[in-house]
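Novice: What follows is a predicted structure for the sequence shown.
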Amino acid sequence: MRWALVKVCLAVTAMVVIAFAVPLGLVIREMASDRAFSDAERQAGAIAPTLSITTDREELTRAVLSTEPGDRGHLAVHVPDPGKAADGTEGEALDIGTRRATPKDVATVQKDGRASVAEVTGGFALLQPTALSTGEIAVVEVFVPEGEVSNGVATAWLMLAGVGVALIVGSVAVADRLGVRMVQPAQRLAGAAQDLGEGRLGTRVPEEGPTELRSAAVAFNSMADQVVQLLANERELAADLSHRLRTPLTVLRLNAASLGEGPAAEQTRSAVQQLEHEVDTIIRTAREQRPQTQGGQSEAGCDASEVIRERMGFWSALAEDEGREVRLAGVDRTVRIPVARPELAAALDALLGNVFRHTPEGTAFAVDVHHSGDAVIVLVSDAGPGIDDPKAALARGASGRAGSSGSTGLGLDIVRRIAESTGGDLRIGRSVLGGTEVRIWIGLHGDRPERGRRGHGRRVGRRIGWRGRKEARTATGPGARH
């Protein structure tokens, strides 16, 4: 919009300058020509008194040479043949000075008695008729060089061109400033809308600029305030709903305490304790009410290896009961990631819970962690039947719509959002164990992985999987790949 305004202003100003400058330039040229020929007429009139008194050659020669144009050879006098004088002698035609006009042009002026301008070599010749005492018509010729006719025209045209360029430049500068005044508020509004879309809920727009943009800024700020209020209400609702779970959890905990001793009892009590911890985490998170602002994401993180070891320890007890072979790799060193500990634990629980829920008992599964420098890759693979449509599985609530027993379809969506919050992604494919492989790409710098990096992640997954091919064969036996 800014450059469009500048172009329009440039075109309009150029048209106005041309409309005024061209006629004015022509008028200046005509004025210079009129001035030159007016001076020539004045110079011709200076010799007229001498011609009215005498036609003597010597007298006329002295009179011609005494003038400035005559001294430069620009003045000539043409006296016609007067015929026989009173004493019976023949008259004589006189041509005094430097002659440039043709005899025909001189004769025409003598016959008509009207001044005229004849074009000659190097300029123009003004032919001015003058009456003699004898009644004849003499012609005074004044040579006007081409340079005098156009004297000052080039300078005037240059000045006009300079003024025109200055007007155009000035108008472009004014249009640019007006464009900036209009465009900058629009750019700020667009940038604020993008920031708000990326989750920076503290983004607001200065209410300045043209009236329309000020109104748009006011509407945007009002919308952002309403979004923040709606999110706050949702967090309160989530906290209230989570708080309602405390009563049945208390009953469940008391019942679990009366189960006595044994692996199943301990596992049940551990699950109840974990559930209470998750409910407390939901309530605290919902009540914190910390919308993301310009500062970006929280810098809090966790050690992925420690969290994975902890959650695998929790699920390994159930895996042992169901006869599942479990393999864990890549968690022997600290791996810091920009994901909060509860969020990573929830993501792992969602994926491992899917393995237990959607694969038969005795199905092996594995968790591999790989650190690639700018990202951490977590692979959760199993030897189950696999997923027929991975794209549909990633759709929010897809499993729940499909009618899967005990499935809300939100587990993979939770994992995906956690990965994308770091600039990573979530992909589903076929594992080397024969079943499903879920790959979580967690970015360490907040940048989305490039195309080549994603391919590298797939190669990493294959290398990790190949290390477990032997274990997969042992766990699943022949024909386990689907």
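Specialist: Cool, the structure landed. Residues are numbered from 1 along each chain as shown.
Novice: make it CA atoms for all contacts and neighbour counts henceforth
Specialist: Will do.
Novice: Quick one: the strands in the stretch 101-250 of the chain, in order.
Specialist: 116-120, 123-131, 137-145 (DSSP state E, counting those that start in this stretch).
Novice: Of the ones you listed, flag the one that's most buried.
Specialist: The highest average neighbour count among these, using mean count of other Cα atoms under 10 Å, belongs to strand 137-145 at a mean of 27.
Novice: which other helices and strands contact that one?
Specialist: Secondary-structure packing of strand 137-145 (3 or more Cα pairs under 8 Å, 6 or more residues apart in numbering; DSSP states H and E): helix 2-46, strand 75-79, helix 103-112, strand 123-131.
Novice: ok so, going back, can I get the strands of the stretch 101-250 of the chain in CSV including distance to Ser33?
Specialist: Formatted as CSV, the strands of the stretch 101-250 of the chain follow (distance: least, Cα to Cα, whole Å):
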stretch, distance to Ser33
strand 116-120, 12
strand 123-131, 11
strand 137-145, 10
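Novice: Could you dump the ones you listed into JSON lines and include mean pLDDT?
Specialist: Compiled in JSON lines, the strands of the stretch 101-250 of the chain are given as follows (pLDDT from 0 to 100):
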{"stretch": "strand 116-120", "mean pLDDT": "85"}
{"stretch": "strand 123-131", "mean pLDDT": "86"}
{"stretch": "strand 137-145", "mean pLDDT": "87"}
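Novice: among the helices and strands packed on strand 137-145, which is nearest Ala340?
Specialist: With Cα to Cα, the closest approach to Ala340 among the helices and strands packed on strand 137-145 belongs to helix 2-46: 44.7 Å.
Novice: Average pLDDT for that closest one, rounded please.
Specialist: Average pLDDT, helix 2-46: 79.
Novice: Report the angle between it and strand 75-79.
Specialist: Put simply, helix 2-46 runs at 50 degrees to strand 75-79, going by axes from the mean of the first three to the mean of the last three Cα atoms, to 10 degrees.
Novice: The helices and strands packed on strand 137-145: which one's closest to Val144?
Specialist: The nearest among the helices and strands packed on strand 137-145, by Cα to Cα, is strand 123-131 at 5.1 Å.
Novice: quick one: pLDDT of Val378?
Specialist: Note on Val378: pLDDT of 93.
Novice: so after the helix or strand that contains it, what's the next helix or strand?
Specialist: Assignment of secondary structure by DSSP states H and E places Val378 within strand 375-382. The helix or strand immediately downstream of strand 375-382 is helix 390-394, counting by DSSP H and E.
Novice: Helix, strand or coil: sort out Leu344 for me.
Specialist: helix (DSSP: H, G, I helix; E, B strand; the rest coil).
Novice: which residues of the stretch 301-450 of the chain fall in strands?
Specialist: Under DSSP E, counting those that start in this stretch, the stretch 301-450 of the chain gives strands at 302-303, 326-329, 336-337, 365-371, 375-382, 425-430, 436-443.
Novice: What about Arg100, how many residues nearby?
Specialist: If you count neighbours by other Cα atoms under 10 Å, Arg100 ends up with 20.
Novice: Please name the residues that touch it.
Specialist: 120-121, 125, 143 (Cα atoms under 8 Å, 6 or more residues apart in numbering).
Novice: Out of the strands of the stretch 101-250 of the chain, which gets nearest to Leu65?
Specialist: Leu65 sits nearest to strand 137-145 of all these, at 12.9 Å, using Cα to Cα.
Novice: Tell me which residues are up against stretch 140-151.
Specialist: 29, 32-37, 40-41, 43-44, 47, 69, 74-78, 99-101, 122-130.
Novice: Export the helices and strands packed on strand 137-145 to a markdown table and append columns for distance to Phe365.
Specialist: Converted to a markdown table, the helices and strands packed on strand 137-145 look like this (distance: least, Cα to Cα, whole Å):
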| stretch | distance to Phe365 |
| --- | --- |
| helix 2-46 | 60 |
| strand 75-79 | 119 |
| helix 103-112 | 118 |
| strand 123-131 | 106 |
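Novice: Please work out which of these is packed deepest.
Specialist: Using mean count of other Cα under 10 Å, strand 75-79 ranks as the most buried of these, with a mean of 26.
Novice: Direction-wise, compare it with strand 137-145 and give the angle.
Specialist: Using the same axes, to 10 degrees, strand 75-79 lies at 160 degrees relative to strand 137-145.
Novice: Between strand 123-131 and strand 75-79, find me the angle.
Specialist: Strand 75-79 and strand 123-131 are oriented at 40 degrees to each other (the same axes, to 10 degrees).
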